[in-house]
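Undergrad: what follows is a predicted protein model with its sequence.
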Amino acid sequence: MFLKNNLGKGDIGRNDPCFCGSGKKYKKCCLIKMEKGQINQPSRVINRSRSFILGMVNACRLTRRTLEFLTPYVKVGVSTEKLNQLAHDFMVKHKAYPATLGYQGYPKSICTSVNEVICHGIPSERELVNGDIINIDVSCQLDGYYGDASVNLGVGEISANAKKLIEVTKECLNLGIKAVKGNSFIGNIGYAIENHAHKHGFSVVEEFVGHGIGRNFHEDPQVPHFGRQGGGVEILPGMIFTIEPMINQGNKELRILKDGWTAITADKKLSAQVEHTILVTNDGVRILTDEADDDPIF
């Protein structure tokens, strides 16, 4: 990616792709908005090409479709290994590669984190039972671009406390996304998430964070789900990163199992997680893993 400092109107041609990542020409996008006073001139942006945006959109949409494909199979009696195989076959069928498979030695094509498992749960022959909650984390690599998203689902009839945890976790993600604005700060995201979780008596995992994503699975910036307003690195239009809060029913402490991957709550209480990949534009965000296949790309 190319970082352009102190961008002024003269630094980009009217017919060049707009720096915000919309894919439109500059003269038909942010130049008009700036001239009308609808948005402020950004101090810095990351210039994304049309082909880069297209690649990311396609990878993220396939990630979403994989999760949608898996959802009906989340039911009593289905093993997490079965979900893994279904996801693997679906991604390969659509010319993608499961980004987690072999990544730093990880042995499976998705992560399945059940109940007290916070993240990086390894699929196994363990069958889902009534009352379980499960996070399914899918990462697709398609044509050299990466998408990353996860959902948290209940199996059969789940408790009222589990429902509340999942609902608050979704709300935390949405509030984190709403806190994203070009030329604000990463700390604003974590501040919004942490405040909401604590208001409901839950805690926020601090050891695992969101991350930049693009041509690599993990890039800068890191995106903590806790923090203070105005803290952290500056959010720049053109950034693409994940927000993926992990919210615990009990305290925030965790431990890693002997497999070196599976993170569980230290107090064995429930944990939930949801995730999206987003693109920062000059006047907001695009949630790339929440777009329908027929939505306009540019």
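TA: It's in.

Undergrad: quick one, longest helix in the chain?
TA: Under DSSP state H, the helix in the chain containing the largest number of residues is helix 50-70.

Undergrad: report the buried residues of that helix.
TA: The neighbour-count check on helix 50-70 (16 or more other CB atoms under 10 Å) flags 52-53, 55-67, 69-70 as buried. C-beta coordinates here come from the backbone N, C-alpha and C atoms, glycine included.

Undergrad: with stretch 230-245 instead?
TA: Buried residues in stretch 230-245 (16+ other CB under 10 Å): 232, 235-245.

Undergrad: for the residue lying closest to residue 149 once chain neighbours are set aside, which three-state class applies?
TA: With sequence-adjacent residues excluded and distances taken as CB to CB, 6 or more residues apart in numbering, residue 149 is closest to residue 289, at 3.8 Å. Look at residue 289: counting by DSSP: H, G, I helix; E, B strand; the rest coil, its state is helix.

Undergrad: wait, residue 289 touches residue 244, no?
TA: No. Counting by CB atoms under 8 Å, residue 289 stays clear of residue 244, with 10.6 Å between them.

Undergrad: hey, what's in contact with both of those two?
TA: 148, 275-276 (CB atoms under 8 Å, 6 or more residues apart in numbering).

Undergrad: and for residue 100, the neighbour number?
TA: Number of residues near residue 100 (other CB atoms under 10 Å) recorded here: 25.

Undergrad: and if you look at the one 10 residues further on?
TA: Residue 110 has 27 neighbouring residues, counting by other CB under 10 Å.

Undergrad: tell me the contacts of it?
TA: Contact partners of residue 110, counting by CB under 8 Å, 6+ apart, are 83-84, 87-88, 98, 100, 123, 136-139.

Undergrad: which among these gets closest to residue 252?
TA: Lowest distance from residue 252 to these (CB to CB) belongs to residue 137, with 19.3 Å.

Undergrad: tell me the angle the helix or strand hosting the closest one makes with helix 50-70.
TA: Taking DSSP states H and E as the definition, one finds residue 137 inside strand 133-142. Relative orientation of strand 133-142 and helix 50-70, computed by axes from the mean of the first three to the mean of the last three CA atoms, to 10 degrees: 140 degrees.

Undergrad: okay, strand 133-142 in CSV with CA atoms only?
TA: Output of strand 133-142 as CSV, limited to C-alpha atoms (Å, rounded to 0.1, in the frame of the first residue of the first chain):
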residue,chain,number,x,y,z
ILE,A,133,-22.8,-21.7,21.9
ILE,A,134,-20.3,-21.7,19.1
ASN,A,135,-18.1,-19.1,17.4
ILE,A,136,-17.2,-20.1,13.8
ASP,A,137,-14.3,-18.1,12.4
VAL,A,138,-13.7,-18.3,8.7
SER,A,139,-10.8,-16.7,6.7
CYS,A,140,-10.7,-17.1,2.9
GLN,A,141,-7.7,-16.4,0.7
LEU,A,142,-9.0,-15.8,-2.8
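
Undergrad: for that strand, give the mean pLDDT please.
TA: The average pLDDT within strand 133-142 is 98.

Undergrad: so which elements touch it?
TA: helix 50-70, helix 80-93, strand 97-98, strand 111-114, strand 117-119, strand 145-154, helix 160-178, strand 271-273 (3 or more CB pairs under 8 Å, 6 or more residues apart in numbering; DSSP states H and E).

Undergrad: direction included, what does the shortest one pair up with?
TA: Yep, that's strand 97-98 we're talking about. Looking at strand 97-98 with DSSP bridges, its partner strands are strand 133-142 (antiparallel).

Undergrad: give the buried residues for the strand it pairs with.
TA: By 16+ other CB under 10 Å, the buried positions in strand 133-142 come out as 133-142.

Undergrad: could I get those as a markdown table with distance to residue 182?
TA: A markdown table is the format used below for the buried residues of strand 133-142 (distance: CB to CB, whole Å):
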| residue | distance to residue 182 |
| --- | --- |
| 133 | 35 |
| 134 | 35 |
| 135 | 30 |
| 136 | 31 |
| 137 | 27 |
| 138 | 28 |
| 139 | 26 |
| 140 | 26 |
| 141 | 27 |
| 142 | 27 |
